[in-house]
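Novice: sequence isn't available, so here's the structure alone:
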């Protein structure tokens, strides 16, 4: 079991490492001598990279880093012109012992499996995919930017969450997009964060949000740790309910009470944040969009007469504004046609096209999600006072389809959505209409 290292002790260790690393005189490095030993130098405006690897993907890394610098500046609200000399030096290593012999890999660095950064220096072990190699460079580069520009990276969950969030990227035609949510596994080979959370959900070992932000300064850096931190940062930065407050915390990353400030900033709607986290981690998918799945939890008003609501096919749970009462029966009837997903046609393999699927509230049985036809109308009644740290009623919906009777076991607000993977809502289109009416209580 690893011994927990207090924040102050962790800072002291980093300071000592930074002092040791600073002793490496980059200006005195003999590039010709390094080349003779199999290490070449790649230079960009913001990165000097020493590597014993070759190939076009490797040669593009300084340009990738230069573009990342501008995006770091934009995210952390720093003017690029205020950092004219900002620059990092890094090592990308296939054979670390070669770099140790050349004096580029200090003996007193702690062991690391993937990457490590101290001050304006970073070290990367080569990775099994081009994507993950770039991801790792951007991850450690984020640490380097925060440490040298902001003075600190914040507590563990924020430090690694922001680095993972910004480093998850798309690199297409020489253009970098950071803080990108991969649409599928093929866009981010070997990254694996989505799968780790899916596995945890399937095995009933999801972490609560409080557990994530309480990660200690103990050097724990397992892949699960990075997955949960990425999920937390992704939710907070993409959900429009939370983004502004989350980004307002950036100036406080160097303060020891960062977590206390975070809790105060979200104290008024902690239950709402907690429920958003529960929904996200229970149904994590590639392409999961916290903005598209954000839920308005405003309590509904009692249903006094028949009501008709419109539900969008391209969003997650939607608040009907209606309060249903325990012990009463309600008839829900749905109508309308909308578009659900795309299907690739196979009639012309040289020029594949996408075919839209028309759908009605009963769903299409050609494909299922969570055991129900894709596109089927679902309903859930969220109690007025849900358990603060418990599961969400929205994770246990009732199938409505074209019509059904709903008998709430608790009074609460009615929510509706169509049945679809939360990572695949963007290719839906259209709406359906749902009529809600109270049914007379049968006489005894």
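Specialist: Everything's here; your move. Note that this is a predicted model, so its numbers are computed, not measured.
Novice: what sits up against stretch 51-58?
Specialist: Stretch 51-58 is contacted from outside by 38-40, 42, 91-95, 98-99, 126, 130, 133, using CB atoms under 8 Å, 6 or more residues apart in numbering. Quick note: C-beta positions are derived from backbone N, CA and C, even for glycine.
Novice: same thing with stretch 92-109?
Specialist: Outside stretch 92-109, the residues that reach it (CB under 8 Å, 6+ apart) are 17, 20-21, 24, 29, 33-34, 37-39, 49-53, 58, 61, 91, 116, 118, 123-126, 133, 137.
Novice: ok, now stretch 60-67?
Specialist: With contacts defined as CB under 8 Å, 6+ apart, stretch 60-67 is touched by 42-49, 88, 92, 134, 137-138, 141, 171, 174-176.
Novice: would you list every one of the helices in the stretch 101-250 of the chain?
Specialist: Under the criterion DSSP state H, counting those that start in this stretch, helices of the stretch 101-250 of the chain are mapped to 130-145, 156-167, 193-202, 209-213, 223-238, 243-247.
Novice: to residue 403, which of these lies closest?
Specialist: Among the helices of the stretch 101-250 of the chain, helix 193-202 comes nearest to residue 403, with 31.3 Å by CB to CB.
Novice: what helices or strands is the closest one leaning on?
Specialist: When contacts are defined as 3 or more CB pairs under 8 Å, 6 or more residues apart in numbering; DSSP states H and E, helix 193-202 packs onto helix 223-238, helix 270-282.
Novice: restricted to helices, list the contacts of stretch 51-58.
Specialist: 98, 99, 130, 133 (DSSP state H).
Novice: how far away is the second one from residue 427?
Specialist: What that stands for is residue 99. According to CB to CB, to the nearest Å, residue 99 stands 46 Å off from residue 427.
Novice: tell me where the model's unsure across the stretch 151-300 of the chain.
Specialist: 218-221 (pLDDT under 70).
Novice: what ranges does the stretch 251-400 of the chain have for its strands?
Specialist: Per DSSP state E, counting those that start in this stretch, the stretch 251-400 of the chain has strands spanning 301-302, 307-312, 318-324, 329-335, 338-344, 354-359, 364-369, 372-374, 377-383, 398-399. These are given in chain order.
Novice: should've said the stretch 1-150 of the chain
Specialist: Using DSSP E, counting those that start in this stretch, strands in the stretch 1-150 of the chain cover 40-43, 47-51, 88-93, 115-118, 121-125.
Novice: which residues touch the most centrally placed residue in the chain?
Specialist: In the chain, the residue lying closest to the centroid (CA atoms, centre = their mean) is residue 234, at 3.3 Å. Listed by CB under 8 Å, 6+ apart, the contact partners of residue 234 are 161, 165, 181, 290.
Novice: filter the contacts of stretch 51-58 down to the buried ones.
Specialist: 39, 40, 42, 91, 92, 93, 98, 99, 126, 130, 133 (16 or more other CB atoms under 10 Å).
Novice: report the beta-bridge partners for the fourth one.
Specialist: For residue 91, the beta-bridge partners are residue 50, residue 123 (DSSP bridges).
Novice: so, low pLDDT: which residues of the stretch 301-444 of the chain?
Specialist: Applying pLDDT under 70 to the stretch 301-444 of the chain picks out residues 343-355, 386-390, 442-444.
Novice: how about a cut-off of 80?
Specialist: Counting by pLDDT under 80, the stretch 301-444 of the chain shows low-confidence ranges at 342-356, 385-390, 441-444.
Novice: kindly report the same for the stretch 1-150 of the chain.
Specialist: In the stretch 1-150 of the chain (pLDDT under 80), the answer is 1-28.
Novice: if we can go back for a sec, now the helices and strands packed on helix 193-202 in CSV, with distance to residue 315?
Specialist: Formatted as CSV, the helices and strands packed on helix 193-202 follow (distance: least, CB to CB, whole Å):
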stretch, distance to residue 315
helix 223-238, 14
helix 270-282, 13
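Novice: tell me the most buried of those helices?
Specialist: Per residue and on average, the most neighbours among the helices and strands packed on helix 193-202 fall to helix 223-238, with a mean of 22 (mean count of other CB atoms under 10 Å).
Novice: residue 173 and residue 60, how far apart?
Specialist: From residue 173 to residue 60 the distance is 11 Å (CB to CB).
Novice: more neighbours: which of the two?
Specialist: residue 60 (17 against 4; other CB atoms under 10 Å).
Novice: before we move on, back to that, any chance of a markdown table for the helices of the stretch 101-250 of the chain, columns distance to residue 267?
Specialist: What follows is those, written out as a markdown table (distance: least, CB to CB, whole Å):
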| stretch | distance to residue 267 |
| --- | --- |
| helix 130-145 | 28 |
| helix 156-167 | 18 |
| helix 193-202 | 26 |
| helix 209-213 | 13 |
| helix 223-238 | 15 |
| helix 243-247 | 11 |
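Novice: which one of those helices is the most hemmed in?
Specialist: helix 156-167 (a mean of 25).
Novice: which residues are in contact with that helix?
Specialist: 71-72, 75, 135-136, 138-143, 146, 153-154, 178-179, 193, 212-217, 220-221, 225-226, 228-234, 237, 253, 258, 262.
Novice: now do that helix and helix 223-238, the angle between them.
Specialist: 70 degrees (axes from the mean of the first three to the mean of the last three CA atoms, to 10 degrees).
Novice: show me what residue 338 is bridged to.
Specialist: residue 359.
Novice: that one touches residue 425, doesn't it?
Specialist: No - between residue 338 and residue 425 there is no contact under CB atoms under 8 Å: 11.8 Å.
Novice: which residues do the two both contact?
Specialist: Counting by CB under 8 Å, 6+ apart, the residues touching both residue 338 and residue 425 are residue 313.
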